[in-house]
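# here you go, sequence then predicted model.
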Number of protein chains: 2
Amino acid sequence: MTLSEKEILFKSNFSQPEQILNSEIGEYVTQMFAHSPGKWNETQIDEIVNDFSQEFLSTKNANTNIDIELIIRNFGDSKIPTIPTDFESYFQSLNENVVAHSIHTSSPQFIGHMTSALPSFVRPLAKLMTAMNQNAVKIETAKALSFCEREALAMMHRQIYNFSDNFYTEHIQNNQSTLGILVSGGTTANITALWCARNKSLGAKNEFLGIEKEGLSAALNFYGYKGAVVIGSELMHFSFDKAADLMGISTQNLIRVAVDSNNRVNIRALRQAVADCRQKNLHIIAIVGIAGTTDSGSVDPLEDIAEIAQENNVHFHVDAAWGGPIIFSRKHQQKLAGIEKADSVTIDGHKQLYLPMGIGMVFFRDPYLASSIEKHASYTMRKGSFDLGKRSLEGSRPGMALFLHAALKLIGLKGYEFLIDEGIRKTQYMAARISVMPEFELLAEPDTNLLIYRYVPEHFRDVIAKKHLTETDNQIINNFNEYLQKMQRQIGRTFISRTTKTTISLDKEFPVIAMRAVIANPLTTEEDIEAVLNDQIQIASEISISHFSKLNN
Amino acid sequence: MTLSEKEILFKSNFSQPEQILNSEIGEYVTQMFAHSPGKWNETQIDEIVNDFSQEFLSTKNANTNIDIELIIRNFGDSKIPTIPTDFESYFQSLNENVVAHSIHTSSPQFIGHMTSALPSFVRPLAKLMTAMNQNAVKIETAKALSFCEREALAMMHRQIYNFSDNFYTEHIQNNQSTLGILVSGGTTANITALWCARNKSLGAKNEFLGIEKEGLSAALNFYGYKGAVVIGSELMHFSFDKAADLMGISTQNLIRVAVDSNNRVNIRALRQAVADCRQKNLHIIAIVGIAGTTDSGSVDPLEDIAEIAQENNVHFHVDAAWGGPIIFSRKHQQKLAGIEKADSVTIDGHKQLYLPMGIGMVFFRDPYLASSIEKHASYTMRKGSFDLGKRSLEGSRPGMALFLHAALKLIGLKGYEFLIDEGIRKTQYMAARISVMPEFELLAEPDTNLLIYRYVPEHFRDVIAKKHLTETDNQIINNFNEYLQKMQRQIGRTFISRTTKTTISLDKEFPVIAMRAVIANPLTTEEDIEAVLNDQIQIASEISISHFSKLNN
């Protein structure tokens, strides 16, 4: 059946709400909830939507080249329609106005962000999850799912910590234990980890009831601290700013330590920062290590950080939102050595576990740590229950565990290992290509599967090779790269993101605008990588360099 | 095609991973991501999953009567399989172990929690959303969707605040304005609202850089406060405990004011609490009004609270996670009068907007308030961009706006009005039935579509009628109701939740264990309500009262 045939069928089978009388609206709406075939035949909508999905998924371009202003024109109506809109026109406009101008995150030439192609089984599973509509906050609205979630989290925990069989037998389905918490994303996972660390380290003691009950000021006062800090590399994700702000410790007390030329935290500087805080009588809530910076995918020396944390008896958190799944690769897992010493670890399912958006996780070395944030209510979350919402920042939440559980089983250790290895292999290929192409400059050797580089206009290629680049030259190149990235995004054939990296040359700090590639789509081939680079070269050739020289006069 | 025929087809079309050689795993996994028909034919999985869904959705029982211990046995494996599990056995076990023992939240006789049946169009839409896999954190991963989300939030904002056409024209797609934020649930919405209120009220002034940069202690110090509080009724949702803890103000400084016999905050006591805090030099971050308590659906007198907030120049937040959609009902919207004076309002999409789990919202009267929590990063969330993640607790998040947008259009004002009116009408029916049934005692007149009541064992019916109930009697009835609710849940034919309500009699506080009905499923009929009550009567008749008398000897 072609799409247009389906549209006709669709039209003829659905009643037209324009013609609905007020008295019929109840019947019409109730039908929407019914499971029997009829006017609101789910199967027919399903077929239409399948066509939209397939068309969307098979598009190779990263994006359409529509102007943002034209999109905005379609979304300027703040009035909810009085009577129901008919299905046909709604789904048609949804396809024309939303689906058509959405980002093809699964395109093999969209290699600029951490959002990627997904395995096909997640799409039917999404429908099943929605049909089941479990609320994972409590057993009474998520019976088997609560235990399924615990099992999936335990599997990930074991990959990180690899404790004994006995440990997992004891904790996997013990309602007093929390091996991990499933949350909506890495930000909530990082906030949760720091919240636990803060509450544990400033807990009840003698007459003091703990920070939860008495607050931050009283806690600092009782323990005799002048303030509280979190320490990590300057490349910490901005979720840590949110956490520091939200928890009341201030973003100024999020201590950002310098990194080396490979974007890894400088261990000497970190050690110094810890000593400084202690000397200033500041309570260190946690030291953060990054396993896969957002900018360049680099991994901090986790072993060394673990040692510093241990020496100072401080909570060690690893933000492995991006890089966590590298543990699946026997070839590369050494990069994460030390992660098993972390008190808490963040991993995002919707990044390198190839799950749909909305799956963050935080894991705990100590299965009882999360009791420091436990809350109860009279209508639910009772003590001793299996209600997962007892120890969680979020309340009601969907059964996203279904995706995690299915993927761990259906992809397996070796499947994930392949995905990780391939991403890194292809990134190395891209780095090698960039190194030999005169049009580009590689800005750092890739640690994992993120790559930063920039385009060098012809005029500056000699100067760069001779390392004679002036600050003004650098600024012109920066402007050029920013413009190039925006043009590429607007044209929409391919996509690379951009970031700003600080480099030091002749004792001066230069902000360098960098192109940022993320290679995580199993469908991306070496040809796709060539195509993306060639697209940039072609667009660059159409940009007049004089435009950028003038900007700096 | 029958299910078993499909199973055969399924089996014959999928390769068996047990037989996969290591060298084939790469090919096998890559196929999972391909869009072409082949081994990993999405259509076939889709058909299998559709059958699971349809079977699940058409089951009338609330739950199976399986013992929790038997479920636990199926989820004790912490090892991820080395090679991929074959699809057939995974989906079969998923159906047997998870789907079969999940809660039928869409059953018309599951009337105990705020999770309900959903309109059928959300299931295909869930698949489309997952196929698109947009990341709503930024334009570069969610182009048209970002504007679609803003439009949907503006539509809800207009329902609450009803500002002028000019207001919406100015703000609906203005990247400096935030009419609302889409979050994963009501808890995050409430936390976000209080976070904005805290940061705005303790912001930068003169040499003080604001609480975000300098922290809570410095802020209290600069402004000359001894502490910071949030004030609301004692029935505030436990997300406020989370917020008070997380923000560092302490759960003790979440001031819970007494309610009247209808579970609405006592305005005189509230006024007194505000005066006490001012007198003690405590900064009031916000006064909270509840539109639909979790326990009993009651709505605080919002007009009066607004007045107190205004007089004291304090942020007024309304937690309308449950009750917000009552604004759609011309008959009942008067109950929410005053909500339009709130500085911020929480509404859950996954409650009375009948959307899938994972959709919370917070709305702001002042479109610039959310700038108090704005954050930036070099790789994204740039100033001046349309990136929605700039002002949001969460980072990466799914395109749940698709559900909200579709539902507002497809159900429309009158459709939602019908759903609200019907829920309240059926609740009044249930209350009327309970009033005339000797087996039950109605514990409060329902304000909206939540109802609390209890079963009264025959022995106590006379005593209750004559109001001669002793504390011991009450305790026996409590124990009986708790046991009855657990039995009903375990048997699984029907479902009612329970809560604890404090009532005062003869100057003594009695904790009363109450049955709690939530009538929000359009498929629930008056016959279903009768069936649920009769199920309780039947189960009660099989419970020996002597068992509970003994407990108290």
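Good, I have the coordinates. Just so you know, these numbers come straight off a predicted model, no measurement behind them.

# quick one: buried residues of stretch A:295-304?
When burial is assessed from 16 or more other CB atoms under 10 Å in any protein chain shown, stretch A:295-304 yields the following buried residues: A:295-302, A:304. In this view, the C-beta of every residue, glycine as well, is placed from N, C-alpha and C.

# residues near A:Gln31, how many?
A:Gln31 is flanked by 17 other residues according to other CB atoms under 10 Å in any protein chain shown.

# how deep is A:Gly227 tucked in, by neighbour count?
A:Gly227: 19 neighbours (other CB under 10 Å).

# touching, A:Gly26 and B:Ile420? I think so.
No. No contact is recorded between A:Gly26 and B:Ile420 when judged using CB atoms under 8 Å, the distance being 11.7 Å.

# show me where the stretch 301-450 of chain A has strands.
In order along the chain, the stretch 301-450 of chain A carries the following strands (DSSP state E, counting those that start in this stretch): A:315-319, A:344-348, A:360-364, A:440-442, A:450-455.

# turn those strands into a markdown table, columns for mean pLDDT.
As requested, the strands of the stretch 301-450 of chain A are exported to a markdown table (pLDDT from 0 to 100):
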| stretch | mean pLDDT |
| --- | --- |
| strand A:315-319 | 98 |
| strand A:344-348 | 98 |
| strand A:360-364 | 98 |
| strand A:440-442 | 96 |
| strand A:450-455 | 96 |
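
# now the ones you listed as TSV including distance to chain B?
As requested, those are exported to TSV (distance: least, CB to the nearest CB, whole Å):
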stretch	distance to chain B
strand A:315-319	12
strand A:344-348	7
strand A:360-364	8
strand A:440-442	18
strand A:450-455	10
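
# for chain A, give the helix that spans the most residues.
If you go by DSSP state H, chain A has its longest helix at helix A:401-436.

# pull the CA atoms of stretch A:472-485 into CSV?
Once non-C-alpha atoms are left out, stretch A:472-485 reads as follows in CSV (Å, rounded to 0.1, in the frame of the first residue of the first chain):
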residue,chain,number,x,y,z
THR,A,472,45.1,38.0,14.9
ASP,A,473,45.6,35.1,12.5
ASN,A,474,44.1,32.8,15.0
GLN,A,475,41.1,35.0,15.4
ILE,A,476,40.5,35.1,11.7
ILE,A,477,40.7,31.3,11.6
ASN,A,478,38.3,31.1,14.5
ASN,A,479,35.8,33.3,12.8
PHE,A,480,36.2,31.3,9.6
ASN,A,481,35.6,28.0,11.4
GLU,A,482,32.6,29.3,13.3
TYR,A,483,31.1,30.5,10.0
LEU,A,484,32.0,27.3,8.2
GLN,A,485,30.3,25.2,10.9
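
# give me the buried positions along it.
Of the residues in stretch A:472-485, those buried under the neighbour-count criterion (16+ other CB under 10 Å) are A:473-481, A:483-485.

# quick one on the thing from earlier: now do the longest helix of chain A, average pLDDT.
Averaging the model's pLDDT scores along helix A:401-436 yields 97.

# now do it against strand A:450-455, angle only.
Note on geometry: by axes from the mean of the first three to the mean of the last three CA atoms, to 10 degrees, helix A:401-436 and strand A:450-455 are set 40 degrees apart in direction.

# quick one: list the elements packing against helix A:401-436.
Contacts defined by 3 or more CB pairs under 8 Å, 6 or more residues apart in numbering or on different chains; DSSP states H and E place helix A:401-436 against helix A:122-132, helix A:143-161, strand A:440-442, strand A:450-455, helix A:526-541, helix B:25-33, helix B:87-93.

# could you export these as JSON lines, including distance to A:Phe238?
Supplementary listing: the helices and strands packed on helix A:401-436 in JSON lines, determined by distance: least, CB to CB, whole Å:
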{"stretch": "helix A:122-132", "distance to A:Phe238": "27"}
{"stretch": "helix A:143-161", "distance to A:Phe238": "24"}
{"stretch": "strand A:440-442", "distance to A:Phe238": "26"}
{"stretch": "strand A:450-455", "distance to A:Phe238": "17"}
{"stretch": "helix A:526-541", "distance to A:Phe238": "27"}
{"stretch": "helix B:25-33", "distance to A:Phe238": "30"}
{"stretch": "helix B:87-93", "distance to A:Phe238": "37"}
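
# the ones you listed: which one's closest to A:Leu235?
strand A:450-455 (11.6 Å; CB to CB).

# hmm, who's touching the closest one?
Identification of contacts with strand A:450-455 by CB atoms under 8 Å, 6 or more residues apart in numbering or on different chains yields A:292-293, A:295-298, A:322, A:427, A:430-431, A:434, A:439-444, A:477, A:480-481, A:484, A:499, A:501, A:512-519, A:536-537, A:540.

# of these, just the buried ones, PyMOL syntax please.
What follows is the PyMOL syntax for the buried subset of the contacts of strand A:450-455, where burial is set by 16+ other CB under 10 Å:
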select buried, chain A and resi 292+293+295+296+297+298+322+427+430+431+434+439+440+441+442+443+444+477+480+481+484+499+501+512+513+514+515+516+517+518+519+536+540
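
# in a helix, A:Thr82, correct?
No. When DSSP: H, G, I helix; E, B strand; the rest coil is applied, A:Thr82 is found to be coil, with no helix at that position.

# now do it against B:Leu153, distance only.
19 Å (CB to CB, to the nearest Å).

# neighbour count for those two, which is higher?
Here A:Thr82 and B:Leu153 are set side by side on neighbour count (other CB under 10 Å), and the busier one is B:Leu153, at 24 against 12.

# OK, contacts around the more buried one?
For B:Leu153, the contacting residues are B:179-182, B:361, B:363, B:401, B:404, taking CB under 8 Å, 6+ apart as the criterion.

# okay, it: pLDDT?
With respect to pLDDT, B:Leu153 has a value of 98.

# go on, A:Lys501?
We have a pLDDT of 87 for A:Lys501.

# ok, A:Ile20 next?
64.

# okay, now the unreliable bits of the stretch 451-553 of chain A?
Low-confidence segments of the stretch 451-553 of chain A, defined by pLDDT under 70, span residues A:504-507, A:549-553.

# hmm, back to that, for the longest helix of chain A, buried residues please.
By neighbour count, and taking 16+ other CB under 10 Å as the criterion, the buried residues in helix A:401-436 are A:401-424, A:426-427, A:430-431, A:433-434.

# report the angle between that helix and helix A:143-161.
Counting by the same axes, to 10 degrees, helix A:401-436 lies at 40 degrees to helix A:143-161.

# and B:Arg493, which of the strands of the stretch 301-450 of chain A is closest to it?
Ranking those by proximity to B:Arg493 (CB to CB) places strand A:360-364 first, at 35.9 Å.

# identify all contacting residues around the closest one.
Surrounding strand A:360-364, the residues in contact under the criterion CB under 8 Å, 6+ apart are A:153, A:156-157, A:160-161, A:178-190, A:192-193, A:196, A:321, A:343-350, A:370, A:404.

# for ChimeraX, what selects the buried ones among the residues you listed?
Listed next is the ChimeraX selection for buried residues among the contacts of strand A:360-364, using 16+ other CB under 10 Å:
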select /A:153,156,157,160,161,178,179,180,181,182,183,184,185,186,187,188,189,190,192,193,196,321,343,344,345,346,347,348,349,350,370,404
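
# in chain A, which strand is the longest?
Of all segments of type strand in chain A, defined using DSSP state E, the longest is strand A:508-518.

# sheet-wise, list the partners of that strand with their directions.
The partner list of strand A:508-518 in its sheet, established with DSSP bridges, is strand A:450-455 (antiparallel), strand A:497-505 (antiparallel).

# tally of neighbours for A:Gln310?
The local packing of A:Gln310 (other CB under 10 Å) involves 12 other residues.

# report the contact partners of it.
A:316, A:341.

# and the stretch 451-553 of chain A, which of its residues are near chain B?
With the criterion set to CB under 8 Å from any CB of the partner chain, the stretch 451-553 of chain A comes near chain B through A:489, A:495, A:497-501, A:516, A:521-523.

# fine by me, we can end here.
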